[in-house]
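Student: I would like the atomic coordinates for the input below:
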Amino acid sequence: MKKLLLILLLLPLISFGQLGDYYNSEGHPKAKGLNFKIRKPLGFEQNEADRPNIVQKWEKYKTDNDKYVSLMILVKKFPSEMQGFTKDDWTQYLKNDGGVDDFAPEDAYNKKFIVVDNYPAVSYDCSVEISQMNLTFKRYMSIIMVPIDDNGFQIMFQAPSKRILEANKSLFYRLANSVVFPDQYR
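Tutor: Residues are numbered from 1 along each chain as shown. Presented below is the predicted three-dimensional model:
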């Protein structure tokens, strides 16, 4: 009986133990005026990114290319022809009019329409070959893209193998589920 009680008491800590406090983007220049909050993944090193659209990134196992994983939050301003649409317009397009296929690369898999904090979104998995210096390697990614206002908000999770990507899927989904776009509640 004591063991069962202990397990029941620790279950919330085990289930939610991989997420920490919220990261808040308010005032961050790379967020392009989009305010959002997302819980920080525990055990990952948080860094400012060098690239212009990456608002924040978290990395784990940085010195081991066989285990390295990263989570990045990107905000990209949409081109003018993609601006000015309402949430309902985006929902109709992504859910019913082929928008998921338009946003996901041709070779993507697990493509689907989802909702992130009341906003329509696209989720998919893919792989890419990356070349740096004289090295070429493959990265497997899970991506969620949320069109919000005139921006594309992206959560990108990268891993060196499909196995590691799948092993971290529950963390990726918990992070996506922790996203809050606070301006909609004002």
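
Student: What does the pLDDT read for the residue lying closest to F153 once chain neighbours are set aside?
Tutor: Computed as CB to CB, 6 or more residues apart in numbering, the closest residue to F153 that is not its neighbour in sequence is V146, at 4.4 Å. Placement of C-beta: from N, CA and C, glycine included. You'll see V146 listed with a pLDDT of 98.

Student: tell me the SS of R163?
Tutor: Recorded secondary structure, R163: helix (DSSP: H, G, I helix; E, B strand; the rest coil).

Student: burial of it, as a residue count?
Tutor: 10 (other CB atoms under 10 Å).

Student: helix or strand for the residue nearest in space to the middle of the chain, which one?
Tutor: Geometric centre of the chain, nearest residue: I155, 1.9 Å, by CA atoms, centre = their mean. Taking DSSP states H and E as the definition, one finds I155 inside strand 151-159.

Student: other SSEs contacting that strand?
Tutor: For strand 151-159, the packing partners by 3 or more CB pairs under 8 Å, 6 or more residues apart in numbering; DSSP states H and E come out as strand 69-77, strand 135-148, helix 162-167, helix 169-177.

Student: Other residues contacting stretch 57-67?
Tutor: Residues outside stretch 57-67 that contact it (CB atoms under 8 Å, 6 or more residues apart in numbering): 40-41, 43-49, 68-73, 137, 160-161, 164.
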